[in-house]
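Trainee: pasted the sequence and its predicted model underneath.
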Amino acid sequence: MQSRVRSIALTLSTILGPALALAADDAHADKQGAIATVSQGVASAITALIVFAVVFAVLATKVWPTITKGLDERARKITEEIEAAENARKQAKDALEQYQQSLNQARAEAQKMIEQARAQQVALAAELKAKADVELGQMRERAMRDIEAAKRAAITEMYTQQSNLATAVASKILRRELNAGDQDALVQESLRELTTSHN
């Protein structure tokens, strides 16, 4: 309200200044040519007051409402823009905080996944080592059994050949041939002797 009164006073001074100057010029001109009468001075003052009233009425009804409306609208827009900027700043701050939280959560999950992967790797390595140890033990046992079986087969074959050779030599010596039953009995007896000697 005070700004409106100030604006009206400024406008009045702007309008009254030239009117008073015009009246002063008229008075000055009258002094040079002729002395102005009281009625001429009153007429100039009334004319100035009428002009002032008309200009004041036009300004008060047409110009000042438009100017104040424009100023109020501009102030409202500035206020709205300040509020919008404040809201945008708050939203940006909230978005940044949410991004930081998401980033921290993603880092924690990634670290947890890395630790789980390491634990799984250690467990898998231990499991594979245990399986390899079991398989290696089984392979050793099989190899020992195979070696033992091959050894027995070789000994059996050697005694069989020795028996055949001894039978052939004995038959030549005795000039007679041993039958298959005699030969098997000799082989079995030789195997028993060999087993007993190794034990």
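Mentor: Noted; the coordinates are in hand. Residues are numbered from 1 along each chain as shown.

Trainee: name the residue closest to the centre of the protein, please.
Mentor: Central residue of the chain (CA atoms, centre = their mean): residue 103, 4.9 Å from the mean position.

Trainee: and the next helix or strand past the lowest-mean-pLDDT helix or strand in the chain?
Mentor: Least confident helix or strand, the chain: helix 2-33 with a mean of 55, by mean pLDDT, DSSP states H and E. Where DSSP states H and E defines the elements, the next helix or strand beyond helix 2-33 is helix 38-58.

Trainee: and that following helix, how far out from the chain middle?
Mentor: For helix 38-58, the separation from the chain centroid amounts to 78 Å (computed by CA atoms, centre = their mean, to the nearest Å).

Trainee: swap in stretch 59-78?
Mentor: Its chain's C-alpha centre and that of stretch 59-78 lie 50 Å apart, by CA atoms, centre = their mean.

Trainee: for that stretch, give the mean pLDDT please.
Mentor: Averaged over stretch 59-78, pLDDT sits at 89.

Trainee: show me what the helix ranked longest in the chain is packed up against.
Mentor: In the chain, with assignment by DSSP state H, the single longest helix is helix 64-174. Packing contacts for helix 64-174, counted by 3 or more CB pairs under 8 Å, 6 or more residues apart in numbering; DSSP states H and E, involve helix 2-33, helix 180-198. C-betas here are computed from N, CA, C, even on glycine.

Trainee: for residue 185, see how far away residue 192 is.
Mentor: Distance, residue 192 to residue 185, using CB to CB, to the nearest Å: 11 Å.

Trainee: who has more neighbours out of those two?
Mentor: Shown here are residue 192 and residue 185; by other CB atoms under 10 Å, residue 185 has more neighbours (13 against 10).

Trainee: list the contacts of the more buried one.
Mentor: Neighbour list for residue 185: empty [criterion: CB atoms under 8 Å, 6 or more residues apart in numbering].

Trainee: can you tell me how far it is from residue 153?
Mentor: 20 Å.

Trainee: next, count neighbours for residue 44.
Mentor: Neighbours of residue 44 under the rule other CB under 10 Å: 19.

Trainee: where does the residue nearest to the centre of the chain land on pLDDT?
Mentor: The model reports residue 103 with a pLDDT of 92.

Trainee: got the contact list for it?
Mentor: Residue 103 makes no contacts at all, as judged by CB under 8 Å, 6+ apart.

Trainee: ok, now how distant is it from residue 96?
Mentor: 10 Å.

Trainee: just residue 47 next, same as before
Mentor: 70 Å.

Trainee: now residue 90
Mentor: Using CB to CB, residue 90 is found at 11 Å from residue 96.

Trainee: same question, residue 189
Mentor: Residue 189 is 99 Å from residue 96, by CB to CB.

Trainee: likewise residue 127?
Mentor: 46 Å.

Trainee: same thing with residue 128?
Mentor: Going from residue 128 to residue 96 by CB to CB gives 47 Å.

Trainee: now residue 130
Mentor: 51 Å.

Trainee: check residue 72 too.
Mentor: Distance of residue 72 to residue 96, given as CB to CB: 36 Å.
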